[in-house]
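# Using only what follows, build the 3D model:
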Amino acid sequence: MGAQEKTVFEFIERVDNHISIDHLLDDLLQVVGDFGIEHMIYTGLPVGNNSIDPLVKTNRFPQEWWNRYVELDYAKKDAVCQQVYSTMSPFVWHDVQPGFTSRDGAARIAGEAAEHGLVDGYIVPVFSRDEWLSAISFAAPKRLILSQKERGALNLMAIYTSSAIERRQQKRPARGKLSTREREVLLWTSAGKSCWDVSVILGISEKTVRYHTAQIRTKLNATNTTHAVVRALQQGEITLGQLAESLGDFH
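So this is what the prediction gives:
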């Protein structure tokens, strides 16, 4: 086993032994520093018009850059972020497909990132129990030249790091993210009721039902009603029993 492989596996062995997530990230960044990497972020990816900021699990990007990224909602035009939606495979930033880098604003965002020391990077899509799609993105102040073995090592460390953070944060949202009315709207719409139907059933206006529907999708980071139902079940906002009951009422 080479020195680099030994270092990677030693990191994996101690990944759950750190006293805090900050100490874990300090360790990770020290190890990946041998690859030329200086920064990282672990975040969920937003759906629709939602902001990326509430989805961030841990962030070691330069704060000034991240504040600008969030303020100007760069996730919608960032070529790296946009490519993640189309693939579950890790990739180096400079390998982003032209279809994404040629989009309006993408080159400017990449240029501004470089000015903050994020010239290139490597992104690894990972599993998260809270978000529909998450990733760990490593960043470097110069172009990254990574061998297949080095990419594999980063993939492995990203997966172990994300899993360790998930276990530590125990971020199952508590009931209460959705209001009682929003749960009612979600259950009725999941049963196939239209917004007008739900407005009649609940004695509220159709406009109010549409507002609640939009709020539900935003709070759950969901793309549509079916996705919202799955996310609500995962997060304990509704139960299978409630869902079965609403479907029973529909039939």
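
# all contacts plus neighbour counts: C-alpha atoms, from now on.
Will do.

# And the helices in the stretch 101-250 of the chain, which stretches?
106-115, 148-169, 180-190, 195-202, 206-220, 225-234, 240-250 (DSSP state H, counting those that start in this stretch).

# Among those, show me which one is buried the most.
Ranked by mean neighbour count, the helices of the stretch 101-250 of the chain are led by helix 180-190 with a mean of 20 (mean count of other CA atoms under 10 Å).

# what about that one, average pLDDT?
The average pLDDT for helix 180-190 rounds to 88.

# What helices and strands are in contact with it?
Judged by 3 or more CA pairs under 8 Å, 6 or more residues apart in numbering; DSSP states H and E, the packing partners of helix 180-190 are helix 195-202, helix 206-220, helix 225-234, helix 240-250.

# Identify the bridge partners of the residue nearest to the spatial centre of the chain.
In the chain, the residue lying closest to the centroid (CA atoms, centre = their mean) is G44, at 0.9 Å. With DSSP bridges as the criterion, G44 is bridged to S134.

# Show me how the protein divides into domains.
For the chain, automatic domain parsing gives the domain ranges 3-169, 180-250.

# Which one of the ones you listed has the poorest average confidence?
domain 180-250 (a mean of 82).

# how far does that one sit from the chain's center?
On the basis of CA atoms, centre = their mean, to the nearest Å, domain 180-250 sits 23 Å off its chain's mean C-alpha point.

# For V8, give me its contacts.
By CA atoms under 8 Å, 6 or more residues apart in numbering, the residues touching V8 are V31, A153, M157.

# Swap in 10 Å and give it another go.
L28, V31, V32, E150, A153, L154, L156, M157 (CA atoms under 10 Å, 6 or more residues apart in numbering).

# And the furthest pair within those residues?
Put simply, by CA to CA the two of the contacts of V8 set farthest apart are L28 and E150, 14.3 Å from each other.

# Tell me which of the helices of the stretch 101-250 of the chain lies nearest to T58.
helix 148-169 (8.5 Å).

# Look up the closest residue to L240, ignoring the ones flanking it.
Closest residue to L240 apart from its sequence neighbours, by CA to CA, 6 or more residues apart in numbering: L233 at 7.2 Å.

# Beta-bridge partners for D120, please?
A140.

# Please tell me I have it right and it contacts A114.
Yes. D120 lies in contact with A114 (CA atoms under 10 Å); the separation is 7.7 Å.

# Name the residues contacting each of the two.
Taking CA under 10 Å, 6+ apart as the criterion, D120 and A114 both touch A139, A140, P141, K142.

# what residues are up against the residue lying closest to the first one once chain neighbours are set aside?
Nearest residue to A139, sequence neighbours excluded (CA to CA, 6+ apart): G121, at 4.0 Å. G121 is in contact with 36-40, 80, 91-95, 137-145, counting by CA under 10 Å, 6+ apart.

# Filter these down to the buried ones, PyMOL style.
In PyMOL, this line selects whichever of the contacts of G121 come out buried by 16 or more other CA atoms under 10 Å:
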select buried, resi 36+37+38+39+40+80+91+92+93+137+138+139+140+141+143+144
